[in-house]
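kindly return the folded structure for what I paste below:
(one chain, ligands or ions: 2)
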Amino acid sequence: MNLSDPITSLKGVGGKRKEILERMNIRTVRDLIYTFPRKYEDRRTVSAIMTAPFDEEVLLEVVVVSKKLQGSPYNKKAPLKVLVEDSTGNLELVFFNARYIAGYFYQGQELTLYGKITLNNGRRQMIHPEFHKTGDKDDIRGLFPVYPLTEGISQNQMRSLELQALPYHGLITEWLPPDIVDDNRLCPPSYAVTNIHFPKEERRVLEGRYRLIFEELLILQTGLFYIKKGIKSGEKGVKLSSKEGVREFLDNMKFELTSGQKRAFEEIEHDLEDQRPMNRLVQGDVGSGKTVVSELAMFKTVKCGYQAVMMAPTELLAKQHIATLKKDFEPLGVRCELLSGSMKAKERRELLEDLKTGAIQILVGTHAIIQPDVEFHDLGLVVTDEQHRFGVNQRNLLVGKGKNPNVLVMTATPIPRTLAVILFGDLDISIIDTLPKGRKPIRTFLRYEESRGKIYDFVHDKVKAGNQAYVVAPLIEESDAIKVRSADEIHKELSSRYSDLRVGLVHGAMKQAEKDAIMLDFKDGKIDILVSTVVIEVGIDVPNATVMVIENCERFGLAQLHQLRGRVGRGKDQSYCILISGSKAEIAEQRNNIMVSTSDGFVIAEEDLKLRGPGEIFGTRQHGIPELGVADLVKNVDVLNKVRGIAEDIIDKDPKLGEPENLELKERIKHMFGENISLQL
Ligand code: ADP
Ligand code: MG
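Numbering: from 1, shown residues only. Ligands and ions are numbered 1, 2, ... in the order given. Predicted coordinates:
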């Protein structure tokens with residue numbers, strides 16, 4: 001018996017079940033044990049029908065009085081109703097589309113129910129409650145763990161698997177050094193795991209959770225420091241001379257740098273002139289002007305005789321960047337080229353040849369530039385734009401094309417600093433907190449369905465005045481399941497309403513080339529109104545577009561709305577953002593009002609985090625940060641702060657994590673980071 005035993009060594013786990021579990025990343029018994037409940041349901045006390053609160057989950061013990069199928073027996077959709085009672089009164093159970101379970105119930109049967117009581121025409125009902133034969137093995141009392149699931153596996157099946165794994169808990173031995181355990185009053189890991197899965201007492205669950213959160217964050221933080229250290233303390237990087245400045249570039253610029261841009265570049269320049277390779281993240285709100293800051297870094301690199309490469313997440317953004325770079329660099333005699341996916345073989349070969357000899361000084365492209373045949377003469381700087389689209393791994397592959405080149409990462413996803421330190425633990429951070437002078441703040445309005453006609457007319461007026469507009473919808477096509485206006489529908493509506501306007505449609509299901517072509521038409525002014533799904537979210541720069549209409553804004557995350565809004569307000573004309581809300585629910589109103597009242601991306605990000613939690617915003621791959629099992633980067637920020645110092649200590653004393661006492665920690669880091677860390681460990 002071993003924690004690394006394959007999951008198939010448990011009873012009932014074979015072909016199909018094994019696949020389902022693998023989808024949840026459960027391959028070994030250890031993986032199963034470390035899959036923790038999301039929450040607990042309180043099934044400690046039995047309520048009485050007459051006195052139980054409405055609309056809250058309650059546990060009842062009842063007896064079946066009668067059952068009836070409504071409507072014709074041939075009507076498959078007719079609900080099944082079961083009347084039950086306890087000593088205080090009775091209640092109706094309602095099941096839709098569930099005639100097949102009718103045979104389960106019989107008069108006099110004792111049932112345990114778990115669900116919400118609702119009132120319907122004065123009658124108490126429970127719709128689709130969970131039910132068990134009272135006293136059956138499924139009839140669980142106490143705190144009831146609720147596991148994350150995937151299709152094909154139920155709570156009960158998960159629970160019974162965890163029960164099978166219980167004998168393994170004893171194999172989880174203490175692996176943290178005794179002083180850390182003592183100083184932080186951590187309970188033993190086996191105790192923690194047992195109490196998490198089989199909660200007897202709230203206090204023990206909390207003790208257990210604390211231990212697991214602590215160790216999870218310690219593994220995460222140490223792992224991030226480890227990567228950072230590995231990059232930093234590695235061999236010598238590219239050191240640029242302090243004699244080569246960027247004066248020439250600045251003199252050629254049409255605008256003055258903002259104070260935020262100046263500060264960011266000073267920090268970058270300091271890194272560039274240092275022997276250690278730079279690893280810096282530039283965070284700045286949409287429109288804060290990150291591109292020019294990266295251009296300064298590229299210019300200095302090129303002046304010192306090295307090459308620079310810029311990686312963009314989409315071909316369209318790559319094209320946008322190459323246009324900017326050519327405009328800014330060619331007058332200064334610097335050669336920039338785009339490595340495009342649509343190049344002919346000969347063209348591509350020639351470009352790669354010029355890159356290898358150093359004739360091309362700056363290369364722009366999508367992740368296609370990671371391909372092995374792309375070789376540089378002497379790569380000194382790697383810039384990645386909108387980095388949340390790239391994993392740490394991709395960045396490292398690019399870095400591998402030079403001898404420890406400097407790395408500059410740019411992101412427009414504003415992240416509160418506390419969190420940024422974790423998410424980008426392997427990077428130093430510069431923040432551009434200023435917007436270029438003379439920007440007119442975007443005016444944001446919240447409207448509802450009834451104003452649709454007026455909104456369309458407003459868009460029409462703005463287009464007639466020479467501007468362009470975006471209309472963004474959450475879905476591509478109509479759907480029965482969700483009642484929202486689709487991009488397709490709006491496109492038809494606008495096209496027929498205004499035959500004098502050119503209305504375009506772009507959505508995520510289109511081929512990349514097709515999308516790019518439409519976006520370019522919009523950029524070139526050949527389309528007046530662009531209706532789209534969120535494909536336009538990142539980076540596109542069309543200064544003439546001044547209206548952003550967002551349909552069913554309640555369906556978008558705040559950070560996403562902020563990104564979308566950032567597509568306008570880029571030129572000299574007044575810009576507008578009109579949010580059409582399909583919901584007047586309190587939470588939706590609260591979110592919408594944040595958008596109306598502030599345009600500060602950091603404030604919005606902070607609010608978004610509070611409302612949704614970091615998991616949803618920073619999905620696993622996005623930042624190359626592993627998915628966490630119990631810890632929550634926002635809620636557990638106290639633990640995080642505590643752990644940071646400890647992690648720093650560990651890495652300072654044992655940078656390679658080679659000491660025997662750190663071996664288990666290293667194993668766990670490898671396991672948590674997976675392939676993202678394999679390059680370094
Ligand atoms: P982002 O940070 O969102 O990537 P960009 O780099 O695309 O922003 O810059 C947005 C726009 O602002 C561009 O058109 C750019 O030329 C312009 N810009 C950048 N810096 C300044 C500045 N200091 N003054 C005026 N305009 C600027
Ligand atoms: Mg940008």
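
buried residues in the longest helix seen in the chain, which are they?
For the chain, the helix with the greatest residue count under DSSP state H is helix 202-232. Residues of helix 202-232 classed as buried: 204-205, 207-232 (neighbour count, 16 or more other CB atoms under 10 Å). In this view, the C-beta of every residue, glycine as well, is placed from N, C-alpha and C.

ok, and what's touching stretch 297-309?
238, 240-241, 244-246, 248-249, 265, 268-269, 272, 310, 325, 329, 332, 334, 355, 358, 360-365, 369, 376-383, 398, 401, 405-406, 408 (CB atoms under 8 Å, 6 or more residues apart in numbering).

do that again at 6 Å, thanks
Residues external to stretch 297-309 that are found in contact with it (CB atoms under 6 Å, 6 or more residues apart in numbering): 240-241, 244, 246, 249, 268, 334, 361-363, 376, 378-382, 408.

that one near ligand 1 at all?
No. Stretch 297-309 lies apart from ligand 1 when judged by CB under 6 Å from any ligand atom; the minimum separation is 13.1 Å.

now do that stretch: distance from first to last residue.
End-to-end distance of stretch 297-309 (CA to CA, to the nearest Å): 11 Å.

now it: mean pLDDT?
Stretch 297-309 shows a mean pLDDT of 96 in the predicted model.

and that stretch, how far out from the chain's middle?
33 Å (CA atoms, centre = their mean, to the nearest Å).

pull out the buried positions in it.
297-304, 306-309.

cool, stretch 589-599 as well?
For stretch 589-599, a neighbour-count test (16+ other CB under 10 Å) marks 591-592, 594-595, 599 as buried.

which of the residues you listed sits closest to residue 195?
Nearest to residue 195 among the buried residues of stretch 589-599 is residue 591, at 36.4 Å by CB to CB.

pop out the phi and psi values for that closest one.
When read as degrees, to the nearest 10, the backbone of residue 591 gives phi -60, psi -50.

for it, give its distance to residue 292.
As judged by CB to CB, to the nearest Å, residue 591 and residue 292 stand 33 Å apart.

what do you get for residue 3?
53 Å.

report the contact partners of the residue in the chain that ligand 1 sits nearest to.
Using CB to the nearest ligand atom, the single residue of the chain nearest to ligand 1 is residue 289, 2.8 Å away. When contacts are counted by CB under 6 Å, 6+ apart, residue 289 touches 261, 436.

how close does residue 142 get to residue 629?
Distance, residue 142 to residue 629, by CB to CB: 22 Å.

show me the beta-bridge partners of residue 532.
residue 472, residue 506 (DSSP bridges).

that one and residue 506 touch, don't they?
Yes. The pair residue 532 / residue 506 is scored as a contact, 4.6 Å apart, by CB atoms under 6 Å.

mind checking which of the two has more residues around it?
Each of residue 532 and residue 506 has its neighbours counted (other CB atoms under 10 Å); residue 532 has more, 26 against 23.

roughly how far does the more buried one sit from residue 197?
Distance from residue 532 to residue 197, by CB to CB: 46 Å.

what helix or strand is residue 518 on?
Using DSSP states H and E, residue 518 sits in helix 512-523.

extract the C-alpha trace of that helix and format it as CSV.
What follows is helix 512-523, C-alpha atoms only, in CSV (Å, rounded to 0.1, in the frame of the first residue of the first chain):
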residue,chain,number,x,y,z
GLN,A,512,-8.2,33.2,-37.2
ALA,A,513,-7.5,34.5,-40.7
GLU,A,514,-11.2,35.4,-41.2
LYS,A,515,-11.3,37.2,-37.9
ASP,A,516,-8.1,39.1,-38.6
ALA,A,517,-9.4,40.2,-42.0
ILE,A,518,-12.6,41.7,-40.5
MET,A,519,-10.7,43.4,-37.7
LEU,A,520,-8.4,44.9,-40.2
ASP,A,521,-11.3,46.2,-42.3
PHE,A,522,-12.6,47.8,-39.1
LYS,A,523,-9.3,49.3,-38.4
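
quick check: mean pLDDT across it?
Average pLDDT, helix 512-523: 86.

which outside residues touch that helix?
Outside helix 512-523, the residues within contact range by CB under 6 Å, 6+ apart are 315-316, 504, 506, 527, 530, 542.

again, but for stretch 431-438
Residues outside stretch 431-438 that contact it (CB under 6 Å, 6+ apart) are 258-261, 264, 283-284, 288-289.

avg pLDDT for that stretch?
85.

re the thing from before, want to throw the buried residues of stretch 297-309 into CSV with secondary structure?
Output for the buried residues of stretch 297-309, formatted as CSV (DSSP: H, G, I helix; E, B strand; the rest coil):
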residue, secondary structure
297, helix
298, helix
299, helix
300, helix
301, helix
302, helix
303, helix
304, coil
306, coil
307, strand
308, strand
309, strand
